[in-house]
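Asks: Please find the sequence and the predicted model below.
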Amino acid sequence: MGDKPQQMLDTIAAEARYTAGMTGRAQFSEGVMRALSAVDRGAFVPPAYREQAYDNGPLPIGNGQTISQPYIVALMTDLLELTPDSVVLEVGTGSGYQAAILAQLARQVYSLERIRELAEAARKRFAKFGYTNIEVRCANGYDGWQDRAPFDGIIVTAAASEIPPALIEQLGPGGRLVIPVGPPYGYQELLQVTRKPSGDIHTRKILGVAFVPLINEQDTDDATRR
Ligand code: SAH
């Protein structure tokens, strides 16, 4: 019977070692690994993909979108360097898996998703599993979430052609933005953008990645459609 969730963690740890030269981290923090073991990825993938839920690859979640590869979820979470006091914004709720991981590590998670069906399915999952520190809004994440800013961490789980200016503005002092940047289905690079306490912005390239595109379209808000 193998322990598939444990194998997933072992694979993530192994890939962290292989990629240490690029990422600057040979292992992820204990907190990140604990968060990954606390959230059942199987509960966030469609029933047809349950068998593959613990493989280290992306999987379709409907509406042409994907749940990211577990190693990438771990890496991006680690790059945010969250503390139990952190307030974090996610752009691209998708299945809700990444938000659930963040919710283990941060005080409050805000997550934006432009596809209503996905936003609602994620909300239902969070209610079912008793998460009380995740708020999902159906809106264009390109604009961030002004009412909830500033954020200690911002994670974008879709690839932007450029860093959305609002996200830089909504990053608090000492905060980190982790975002894939590059053309749709072309070469994308994962960036860690840090706002120094002085206000200066520092950008570090981490590694090449493949994400679904961030779609900058205005008309996706609950408020404007209901
Ligand atoms: N973090 C997700 C993976 C999401 S895939 C998970 O753990 O499952 C990327 C998601 O970003 C998709 O659901 C897509 O609909 C959403 N997205 C793309 N552009 C967006 C935008 N401008 N605002 C909000 N969400 C967006």
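Replies: Thanks, I have it.

Asks: Near the ligand, which residues of this structure are found?
Replies: Counting by CB under 6 Å from any ligand atom, the chain comes close to the ligand at 61, 65-68, 91-92, 94-95, 97-98, 112-115, 118, 140-142, 157-158, 212, 214-216. C-beta here means a position set from N, CA and C on the backbone, and glycine is covered the same way.

Asks: list the contacts for the nearest residue to Gln146 once chain neighbours are set aside?
Replies: Closest residue in space to Gln146, ignoring its immediate chain neighbours: Gln170 at 6.8 Å, by CB to CB, 6 or more residues apart in numbering. If you count contacts by CB atoms under 8 Å, 6 or more residues apart in numbering, Gln170 has them with 89, 144-146, 149-151, 154.

Asks: what are the bridge partners for Gln188, then?
Replies: For Gln188, the beta-bridge partners are Val209 (DSSP bridges).

Asks: Let me see the ranges of the strands in the chain.
Replies: 59-62, 65-67, 87-91, 108-113, 134-138, 151-156, 171-181, 188-195, 201-209 (DSSP state E).

Asks: can you redo those strands as a markdown table with mean neighbour count?
Replies: What follows is those, written out as a markdown table (neighbours: other CB atoms under 10 Å):
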| stretch | mean neighbour count |
| --- | --- |
| strand 59-62 | 17 |
| strand 65-67 | 21 |
| strand 87-91 | 26 |
| strand 108-113 | 26 |
| strand 134-138 | 21 |
| strand 151-156 | 26 |
| strand 171-181 | 21 |
| strand 188-195 | 20 |
| strand 201-209 | 14 |
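
Asks: Need those strands in TSV (columns: mean pLDDT).
Replies: TSV is the format used below for the strands of the chain (pLDDT from 0 to 100):
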stretch	mean pLDDT
strand 59-62	97
strand 65-67	97
strand 87-91	98
strand 108-113	98
strand 134-138	98
strand 151-156	98
strand 171-181	97
strand 188-195	98
strand 201-209	97
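
Asks: Need those strands in a markdown table (columns: distance to Gln7).
Replies: Listed next are the strands of the chain as a markdown table, based on distance: least, CB to CB, whole Å:
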| stretch | distance to Gln7 |
| --- | --- |
| strand 59-62 | 16 |
| strand 65-67 | 17 |
| strand 87-91 | 26 |
| strand 108-113 | 27 |
| strand 134-138 | 27 |
| strand 151-156 | 25 |
| strand 171-181 | 26 |
| strand 188-195 | 24 |
| strand 201-209 | 23 |
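
Asks: Which one, of those, ends up nearest to Ala26?
Replies: strand 201-209 (13.9 Å; CB to CB).

Asks: Please enumerate residues in contact with the closest one?
Replies: For strand 201-209, contacts defined as CB under 8 Å, 6+ apart pick out 19, 22-23, 72, 75, 79, 159, 168, 180, 187-196.

Asks: one more time with 7 Å
Replies: For strand 201-209, contacts defined as CB atoms under 7 Å, 6 or more residues apart in numbering pick out 19, 22-23, 72, 79, 168, 180, 187-196.
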